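# Give me a model of this one.
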Amino acid sequence: MIIDGSCHCNKVKFSLKSLTPYPYICCYCSICRKTAGGGGYSINIMGEARTLEVTGKNNLKIYKAEIPASDEPGQTKTSTVERNFCKHCGSFLWFYEPAWPDWIYPFASAIDSSLPKPPERLHIFLDSAAPWCEIREDKKNRKFPAYPDESIMDWHKRHKLMEKM
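Just a heads-up that it's a prediction; the model follows:
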């Protein structure tokens with residue numbers, strides 16, 4: 001599936017090919033919550049980096065969050081994740097992780113294409129969720145204190161939702 005997205009002011013537009021287009025993860029980590037608002041809906045759509053086409057690249061900025069240093073309690077380090085956003089309207093568009101150079105992770109909130117509705121939603125990083133967040137208890141919602149127990153591709157394969165190559 002070709003996915004098209006843009007920022008709110010339309011100064012940045014992008015497209016890429018995705019074999020995993022279902023927006024099934026709601027992330028409640030403090031980074032997604034504070035930079036992209038609410039759940040953020042990141043890290044659940046994965047696109048092929050080699051297919052990324054961007055109009056308005058000169059309007060992009062990158063944010064790298066400060067995260068806890070796992071080897072030094074009380075200390076922080078700069079994340080390697082590059083969160084791309086529009087420097088004019090502040091819309092977060094996608095993130096890129098150099099450890100996985102073949103993939104781009106668009107924020108579902110920036111997608112203009114009609115995305116398919118997922119059969120279930122995973123709510124992750126609930127240990128970081130704001131106290132006012134409430135997640136319904138039903139079989140279509142699974143909850144995790146941090147990362148889920150399967151990858152984006154594995155989730156799509158389990159539900160037989162992988163797009164044709």
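# Helices of this protein, residue ranges please.
30-32, 152-158 (DSSP state H).
# Single out the most deeply packed of those.
helix 30-32 (a mean of 20; mean count of other CB atoms under 10 Å). Yep, even glycine has a C-beta here, placed from its N, CA and C like the rest.
# Which elements pack onto that helix?
Other helices and strands packing on helix 30-32, by 3 or more CB pairs under 8 Å, 6 or more residues apart in numbering; DSSP states H and E, are absent; none qualifies.
# show me where pLDDT drops low in this protein?
Applying pLDDT under 70 to the chain flags the ranges 38-43, 163-165.
# now with 80?
In the predicted model, the chain carries pLDDT under 80 at residues 33, 36-44, 69-72, 163-165.
# picking that back up, now the helices of the chain as CSV including distance to Tyr105?
As requested, the helices of the chain are exported to CSV (distance: least, CB to CB, whole Å):
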stretch, distance to Tyr105
helix 30-32, 11
helix 152-158, 8
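# Quick one, which of the ones you listed gets closest to Lys140.
Set against Lys140 and scored by CB to CB, those come closest in helix 152-158, at 13.5 Å.
# out of the helices of the chain, nearest to Leu93?
Closest among the helices of the chain, using CB to CB: helix 30-32, at 13.4 Å.
# Quick check, Ile67 in contact with Gln75.
No. With contact defined as CB atoms under 8 Å, Ile67 and Gln75 do not form a contacting pair (10.3 Å).
# Tell me where this structure has strands.
In the chain, the strands defined using DSSP state E lie at 2-6, 13-17, 25-27, 47-48, 53-55, 60-63, 66-68, 76-78, 82-86, 92-96, 103-106, 121-124, 141-143.
# Which one of those lies nearest to Ser114?
With CB to CB as the criterion, Ser114 lies closest to strand 2-6 of the strands of the chain, at 9.9 Å.
# buried residues in the closest one?
Residues 3, 5-6 are the ones in strand 2-6 that count as buried (16 or more other CB atoms under 10 Å).
# For that strand, which helices and strands make contact with it?
With contacts defined as 3+ CB pairs under 8 Å, 6+ apart, the packing partners of strand 2-6 are strand 13-17, strand 92-96.
# quick one: that strand to strand 13-17, angle?
Using axes from the mean of the first three to the mean of the last three CA atoms, to 10 degrees, one finds that strand 2-6 and strand 13-17 are set 160 degrees apart in direction.
# Strand 2-6 to strand 82-86, inter-axis angle?
60 degrees.
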